[in-house]
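> have a look; sequence and predicted model below, questions after that.
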Amino acid sequence: VVEEGADEDADSGSRRRPPTTQFRDVSRHAVHFVLTAAIVVVVVVAAVHVPGVASVWAVAGSSVGLFVAFMLPCMLYLLARGDKDDGPAFGRKAVSAALVAASAALAVVCTYRNFKTVLFSS
């Protein structure tokens, strides 16, 4: 017996999503498409205007190199230690936090310097 107002698709096992969920899916896909298109446009414009691959490697090395060599290991150590304040680990955590901060500052300075060199080199 089917009650009045019951969804006819209930017996078939298929479910309809509410309209608000469908709208969120469409807007999420639209945002993804716009961001992807913007990234592609920025990369193509940058590729056309950069004088050589050495400039790209200089900028990537100054930012990502410091992150991989210094910041990432220290951040993973801090994450692994968590809130433990036991003995010598506290000193190591302080050194790791200081190294993360110094590496972040150095990465910003080096990346800025390389961008300045790339953009204003003749």
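Cool, the structure landed.
> which residues are in contact with residue 78?
Taking CB atoms under 8 Å, 6 or more residues apart in numbering, we find residue 78 in contact with 93, 96, 97, 100. (Glycine included, C-beta is placed from N, CA and C.)
> which strand or helix spans the last one?
Residue 100 is part of helix 88-120, with elements assigned from DSSP states H and E.
> now swap in residue 45 and tell me
Residue 45 belongs to helix 19-49 when elements are defined using DSSP H and E.
> elements contacting that helix?
Contact partners of helix 19-49 among helices and strands, from 3 or more CB pairs under 8 Å, 6 or more residues apart in numbering; DSSP states H and E: none.
> that helix vs helix 88-120, what angle?
Going by axes from the mean of the first three to the mean of the last three CA atoms, to 10 degrees, helix 19-49 is angled at 60 degrees with respect to helix 88-120.
> middle-most residue in the chain, spatially?
Nearest to the geometric centre of the chain sits residue 64, at 12.4 Å (CA atoms, centre = their mean).
> and the helix or strand hosting it, how far out from the chain's middle?
According to DSSP H and E, residue 64 maps onto helix 53-66. The chain centre lies 17 Å from the centre of helix 53-66; the measure is CA atoms, centre = their mean, to the nearest Å.
> after it, which helix or strand is next?
Next along the chain after helix 53-66, taking DSSP H and E as the criterion, comes helix 72-81.
> buried stuff in that following helix?
Neighbour-count burial for helix 72-81, with 16 or more other CB atoms under 10 Å as criterion, is recorded at 74, 75, 77.
> now the last one: closest residue in space that isn't a chain neighbour?
What sits nearest to residue 77 in space, not counting adjacent residues and going by CB to CB, 6 or more residues apart in numbering, is residue 96, at 5.2 Å.
> name all residues that make contact with that neighbour.
Shown in contact with residue 96 (CB under 8 Å, 6+ apart): 74, 75, 77, 78.
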